[in-house]
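Trainee: return a 3D structure for these sequence lines:
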Amino acid sequence: MKTEMSENIADLVQGLIEVQRTLHPAIKDGENEFFQSSYATLKSVWESSRELLAQNGLAVIQSGSEGCLMTTLIHTSGQWIRGSFPLVFEKRTAQGQGSAIPPSVQFGGHAWDCCRRR
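Mentor: As a prediction, this is how the structure comes out:
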């Protein structure tokens with residue numbers, strides 16, 4: 001994962017520290033029958049962090065570019081940090097590319113939220 005950031009991220013870091021200090025674990029509300037395990041869905045992760053991020057002046061933006069999913073954490077001060085996560089396609093078709101996006105969105109979001117799971 002490639003990471004870029006604004007020249008100064010002090011305010012962003014302070015906001016993220018507060019989010020992580022008060023964040024409650026995401027609930028494992030998904031079941032993977034193949035691996036016989038449970039996991040926190042993207043909905044659960046987002047519900048556990050969205051309000052805390054907003055209260056601390058933080059927002060998450062995700063976009064695609066050049067075979068990567070870019071996840072940007074931005075602060076109201078204008079400070080930002082961005083990571084790009086490569087999209088791995090099983091098939092070079094629209095369906096193959098589409099199937100690579102959901103797991104990347106989830107992994108990218110988890111990385112910035114530093115999400116804890118129950």
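
Trainee: number of nearby residues for the closest residue to residue 48 other than its chain neighbours?
Mentor: Nearest residue to residue 48, sequence neighbours excluded (CB to CB, 6 or more residues apart in numbering): residue 26, at 4.2 Å. Bear in mind the C-beta positions are built from the backbone N, C-alpha and C, glycine included. Per other CB atoms under 10 Å, the neighbour tally for residue 26 reads 23.

Trainee: look up phi and psi at residue 26.
Mentor: Per-residue torsions, residue 26: phi -70, psi 140 (degrees, to the nearest 10).

Trainee: any idea how far residue 63 is from residue 11?
Mentor: Separation of residue 11 from residue 63 (CB to CB, to the nearest Å) stands at 23 Å.

Trainee: those two: who's more crowded?
Mentor: Neighbour count, other CB under 10 Å: between residue 11 and residue 63, residue 11 has more, with 17 against 11.
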